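**Q** below: sequence and its predicted model.
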Amino acid sequence: MRNRNQAMVNIAVMAILAIAIQAVKAQWVQTNGPYGGDIRALCVADSTIFAGTDHGRIFLSTNNGTSWTSVNPGWADWTICAITSVGSNIFVGTGRGIYRSTNNGTNWIAVNSGLTNLYIRCVAVYGNDIFAGTDSGVFLSTNNGTSWVAVDSGLTEHEVYSIAVSGNNIFAGTYSGCIFLSVNKGKSWIPACIRYH
């Protein structure tokens with residue numbers, strides 16, 4: 001009798017686990033596209049989703065991914081590395097600089113004045129300011145990308161692959177595996193890392 005009760009308990013536990021696993025799997029739903037390369041960057045601006053691909057394509061969806069519209073500016077062999085928004089401005093970081101659209105991607109203009117490296121690996125927003133990570137460090141624009149200034153004092157690793165903002169803290173992740181922290185809008189950086197290699 002004891003073995004039978006234990007078997008019933010085991011079956012009940014396995015059934016609960018099977019239901020729980022299906023519930024977890026059901027939380028993700030594949031959207032209908034976009035199609036046109038590997039998705040390298042995503043951004044949500046108000047109720048619009050922007051997706052950038054490794055083939056220089058930019059798509060937008062205004063219905064949570066049910067359908068996608070190409071707003072391809074003709075960058076056929078460029079990689080879209082990053083997308084972010086500030087107000088009604090959309091910024092795209094590519095292997096050839098930063099581009100801004102003020103009309104949901106219909107038109108794009110280059111906004112690279114002051115950038116010494118045009119391979120933009122990442123972008124992040126701090127208030128109305130924009131940070132860009134490049135192979136030459138971090139750059140800051142305080143005027144919607146019209147001009148950029150290097151902000152890398154103390155940044156000893158210059159290949160910046162990711163930037164994240166949390167409150168007044170700005171983090172820069174580098175190719176070497178080190179993370180740097182700035183608490184003063186990028187004016188200075190201190191290492192906050194444990195190297196993995």
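**A** Nice, I can see it. Numbers count the residues shown, from 1 in each chain.

**Q** report how many residues lie close to residue 143.
**A** Other residues near residue 143 come to 12 when the count uses other C-beta atoms under 10 Å. Glycine gets a C-beta too; all of them are placed from N, C-alpha and C.

**Q** where are the low-confidence patches of this protein?
**A** By pLDDT under 70, the low-scoring segments of the chain are 1-26, 73-74, 76, 194-197.

**Q** how is it divided into domains?
**A** The chain resolves into domains spanning 1-30, 33-191 when parsed by automatic domain parsing.

**Q** and among these, the most buried is which?
**A** When the domains of the chain are scored by mean count of other C-beta atoms under 10 Å, the highest mean neighbour count falls to domain 33-191 (a mean of 18).

**Q** what's the first-to-last distance across that one?
**A** End-to-end span of domain 33-191 (C-alpha to C-alpha, to the nearest Å): 39 Å.

**Q** return the helix or strand encompassing residue 60 as CSV; C-alpha atoms alone will do.
**A** Using DSSP states H and E, residue 60 falls within strand 58-61. Coordinates of each C-alpha in strand 58-61 appear next as CSV, following Å, rounded to 0.1, in the frame of the first residue of the first chain:
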residue,chain,number,x,y,z
ILE,A,58,15.1,48.3,-40.3
PHE,A,59,11.5,47.2,-39.6
LEU,A,60,8.7,48.6,-37.5
SER,A,61,5.6,47.2,-36.0
